[in-house]
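1. this is the structure alone, sequence omitted:
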DNA sequence: TGTTGACTTCGAGCGCACTCGAAGGCGTAT
DNA sequence: ATACGCCTTCGAGTGCGCTCGAAGTCAACA
């Protein structure tokens, strides 16, 4: 039996707010969600799509580009659209590969600098971004995405 | 002989605008630049620091965190400050490593999807982000940073 | 019947990182 | 003498991606 979620449940499942889910639908990031007596009902295809959208967003694709992709999807699987979607993703992948390279290079530079500092003064370094040190300089709240 | 640049030249060299250079100085991202009869004179240390700042920015470090780093630098090379700077960089590096991993994973997923599309319809894909296709869906102008 | 959850539309606000322009002044080079 | 480039301060505006709240409606459940 397939599962169906209310907007609240969908929000919980995705880490978004109900507000944001409606907002995404409104700006065309998400297809119009099926309603049952006026209320949105999120099924598996909807949730899968939302998760895909969040993955794209999570890798830095702009809302605009995700919108374009979503429009192409809505427009149906014509050969042309399939090609356009493929190109869009490929361009983003290429972009990401560039980012990745710059990140890698800068990490290397930073590591050198860190090692240098380290050699002047002891260890004591947080290794995981998920395990922030208990006492630390507060990294600014650019953890802007509420949940996630 | 060391080189000295006017603000205009420094702007040209960094790809920023004079406006932005003053802005960065104002918010403490850049130390007060030495003046000659009131006008900023950018020497090699200044340019090196600006370039370092831009590298950090380019890898997604927030202005706030760069500010913190700059403050520590200004505060002098006490063991404590050296440690704090090291930690800050290390935390950022760790963060980047996380990003990098997510990027890598999503690229893999995208590549699968692209291959799938490809198998339905021909080739024709831009490989480099620096060589956009001549005719294409306009990727939205999230090339927000003016130059660079 | 009343509470709950959801619905709609609207409009304001926020944090980030700029970006621009105006106004008025100063120093140096031609 | 005048033009040029720079200075300062100020304040407003931009684009992104939300985020929130208010107001009023409606349907299902107990």
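-> That came through, no problem. Fair warning: this is a prediction, and the values are worked out from it, not measured in the lab.

2. per-residue confidence at residue A:115?
-> Here the pLDDT value assigned to residue A:115 is 87.

3. how many residues are close by it?
-> Residue A:115: 10 surrounding residues under other CB atoms under 10 Å in any protein chain shown. C-beta coordinates here come from the backbone N, C-alpha and C atoms, glycine included.

4. okay, and it sits in which element?
-> Following DSSP states H and E, one finds residue A:115 within helix A:79-120.

5. is that helix anywhere near DNA strand D?
-> No. Helix A:79-120 does not reach DNA strand D (CB under 7 Å from any atom of the strand); its nearest approach is 12.4 Å.

6. quick one: list the elements packing against the lowest-mean-pLDDT helix or strand in chain A.
-> Lowest by mean pLDDT, DSSP states H and E among the helices and strands of chain A is helix A:79-120, with a mean of 88. Here helix A:79-120 touches helix A:63-74, helix B:44-58, helix B:79-120, going by 3 or more CB pairs under 8 Å, 6 or more residues apart in numbering or on different chains; DSSP states H and E.

7. and of those helices, who's closest to DNA strand C?
-> Relative to DNA strand C, the nearest member of the helices and strands packed on helix A:79-120 by CB to the nearest atom of the strand is helix B:44-58, separated by 5.6 Å.

8. who touches the closest one?
-> Contact partners of helix B:44-58, identified using CB atoms under 8 Å, 6 or more residues apart in numbering or on different chains, comprise A:102, A:106, A:109, B:2-3, B:5, B:10, B:13-16, B:21, B:24, B:29-31, B:33-34, B:42, B:63, B:65-66, B:69-70, B:92, B:148.

9. quick check, residue A:18 in contact with residue A:9.
-> No. Judged on CB atoms under 8 Å, residue A:18 makes no contact with residue A:9 at a distance of 9.8 Å.

10. where are the low-confidence patches of chain A?
-> Flagging of chain A using pLDDT under 70 yields the residue ranges A:1, A:121-148.

11. the closest residue to DNA strand D within chain A: what's it in contact with?
-> Proximity of chain A to DNA strand D (CB to the nearest atom of the strand) peaks at residue A:63, 3.1 Å away. Going by CB under 8 Å, 6+ apart, residue A:63 touches A:27, A:29, A:57.

12. neighbour-wise, which of the residues you listed leads?
-> Going by other CB under 10 Å, residue A:29 tops the contacts of residue A:63 with 21 neighbours.

13. report back the residue of chain A that's furthest from centre.
-> residue A:120 (38.9 Å; CA atoms, centre = their mean).

14. surely it touches residue B:82?
-> Yes. Proximity of residue A:120 to residue B:82 meets the contact threshold set by CB under 8 Å, at 5.4 Å.

15. keep only the contacts of helix B:44-58 that also lie close to DNA strand C.
-> Among the contacts of helix B:44-58, the residues within reach of DNA strand C (CB under 7 Å from any atom of the strand) are B:16, B:63.

16. next one: the residue nearest to the spatial centre of chain A from residue B:112, what distance?
-> Nearest to the mean C-alpha position of chain A, counting by CA atoms, centre = their mean, stands residue A:58 at 2.2 Å. Distance of residue A:58 to residue B:112, given as CB to CB, to the nearest Å: 17 Å.
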